[in-house]
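1. predicted coordinates and the sequence they were generated for:
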Amino acid sequence: MYERSNEKQKENNTAKQSFIKSLLQAAVEEVKSISKGAVAMVLVCAIISVLGISLFASNAENQQLANDKAGLSDKLSEKNEQINKLEESLEATQKDVAEKNEIIQNQQEEIENSQIEKEQIGEALKEQIENLDLTGSAASRSDGEINSIEDAIAETELLIRDYFGYTEQGNELISALYDKAEAFRDEIDRYPDLYPTEGGVGSPFGYRKDPINGTTKFHTGIDLGSFTGTPIFAAAKGEVTYVGFESGYGLYVLVDHGNGFETKYAHLDEAFVQVGDMVEKGDHIAAMGATGRVTGPHLHFEVILNGEFKNPADYIM
Ligand SMILES: [Zn+2]
């Protein structure tokens, strides 16, 4: 549009110029043919006037075009500036995106690393739990040791939950730990260390003068308490394997603890369990009495390990 109008302007100017040229030629011819200088002067003045008006008009149009051009040029640079700004902003955004991508990548790497770390810890914990040997030596464990094992179990449980939460892996590790803990507690439960009644020790384990005939005899248990009806408790968890009467022991209960240990409760007034019953440590299984070969009411309590009489005091006191 701009180009075209410019072209048109040029054409106009050329036409004007040829017109002026022809006028000048005519004037020259006139000067040549008419000898009067005044006429020639008038003609020349007229021509100059036409030429002047024509040039003025042409200048005004050119000025308008120049203004238009300047306006368009301004707009163009304005647009260019906007484009530059957009490009800058785009560049900044791209940079930002690249930075964020890097952060995400780093985080993913961290997650992967922590995943690997978790797996390693998981394996270590699994091995630790598998190697936990909590059973087989309950006899040598003090209450303090038992407490510290319980603490270790609780700490391991927390550690597993911290690292693995309630995931499948976490649950598997917890389950393995619980199996170990349960076995440990079961062994503790089956270890006959509960003082099985109330009252003091009347007669200790070992060789002693027989209270009835005065001869030296081996006392296979320990005599406790002195009142008929005093409650008697199972010294450990186990299964009742005998409830019955013998002349020496009177009415007695035998409990097998499943770990080589048996405990016997004799001279009972009454038994509250039957053969085949499972009892927990501390269960009220009988009442103290004076049945069998006795001088008065008491509990004759025996601890038997793999068929051998042991000193109950070593376990219950
Ligand atoms: Zn006795």
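-> Alright, I've got the coordinates. Numbers count the residues shown, from 1 in each chain.
2. enumerate every residue touching the residue of the stretch 101-250 of the chain found nearest the ion.
-> Per Cβ to the ion, the residue of the stretch 101-250 of the chain with the smallest distance to the ion is residue 223, at 4.2 Å. All C-beta spots, glycine's among them, are computed from the backbone N, C-alpha and C. Neighbouring residues of residue 223 by Cβ atoms under 8 Å, 6 or more residues apart in numbering: 201, 202, 203, 298, 299, 300, 301.
3. kindly report the same for residue 290.
-> Taking Cβ under 8 Å, 6+ apart as the definition of contact, the neighbours of residue 290 are 228, 250, 267, 269, 296, 297, 298.
4. pairing partners for the strand or helix carrying the fourth one, with directions?
-> Spelled out, that is residue 269. For residue 269, the element it lies in under DSSP states H and E is strand 261-271. The sheet places strand 261-271 alongside strand 250-256 (antiparallel), strand 284-288 (antiparallel), strand 299-305 (antiparallel), with pairing taken from DSSP bridges.
5. alpha carbons of that strand, as PDB, please.
-> Coordinates of each C-alpha in strand 261-271 appear next as PDB, following Å, rounded to 0.1, in the frame of the first residue of the first chain:
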ATOM      1  CA  PHE A 261      10.300 -78.700  82.900                       C
ATOM      2  CA  GLU A 262       7.500 -80.200  84.900                       C
ATOM      3  CA  THR A 263       6.100 -78.800  88.200                       C
ATOM      4  CA  LYS A 264       4.300 -80.800  90.800                       C
ATOM      5  CA  TYR A 265       1.900 -79.300  93.400                       C
ATOM      6  CA  ALA A 266       1.200 -81.800  96.300                       C
ATOM      7  CA  HIS A 267      -0.900 -82.300  99.500                       C
ATOM      8  CA  LEU A 268      -3.700 -80.300  97.900                       C
ATOM      9  CA  ASP A 269      -7.000 -79.900  99.500                       C
ATOM     10  CA  GLU A 270      -8.600 -79.300  96.100                       C
ATOM     11  CA  ALA A 271      -7.600 -79.200  92.400                       C
END
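6. ok, the contacts of residue 223 vs residue 162, which is closest?
-> Out of these, the one with the shortest distance to residue 162 is residue 301. That distance is 46.1 Å, counting by Cβ to Cβ.
7. that closest one bridge partners, please.
-> For residue 301, the beta-bridge partners under DSSP bridges are residue 222, residue 265.
8. same check, this time on residue 310
-> Beta bridges link residue 310 to residue 303, judged by DSSP bridges.
9. and residue 284, by the same measure?
-> On DSSP bridges, the residues paired with residue 284 through beta bridges are residue 233.
10. what sits against it?
-> The contact partners of residue 284, by Cβ under 8 Å, 6+ apart, come to 231, 232, 233, 272.
11. show the buried residues in these.
-> 232, 233, 272 (16 or more other Cβ atoms under 10 Å).
12. filter the contacts of residue 223 down to the ones near the ion?
-> With Cβ under 5 Å from the ion as the criterion, the members of the contacts of residue 223 in contact with the ion are residue 300.
13. near the ion, which residues of the chain?
-> Contact residues, the chain versus the ion (Cβ under 5 Å from the ion): 221, 223, 300.
14. list the contacts of the first one.
-> In other words, residue 221. Taking Cβ under 8 Å, 6+ apart as the contact definition, residue 221 lies against 205, 264, 266, 300, 301, 302, 303, 309, 312.
15. just give me the neighbour total for the second one.
-> For residue 264, the count of nearby residues is 20 (other Cβ atoms under 10 Å).
16. now it: how far from residue 248?
-> Distance of residue 264 to residue 248, computed by Cβ to Cβ, to the nearest Å: 11 Å.
17. over to the third one?
-> Plainly put, residue 266 is 8 Å away from residue 248 if you go by Cβ to Cβ.
18. those two: who's more crowded?
-> In terms of neighbours (other Cβ under 10 Å), residue 266 is the more surrounded of residue 266 and residue 248; the figures are 26 against 11.
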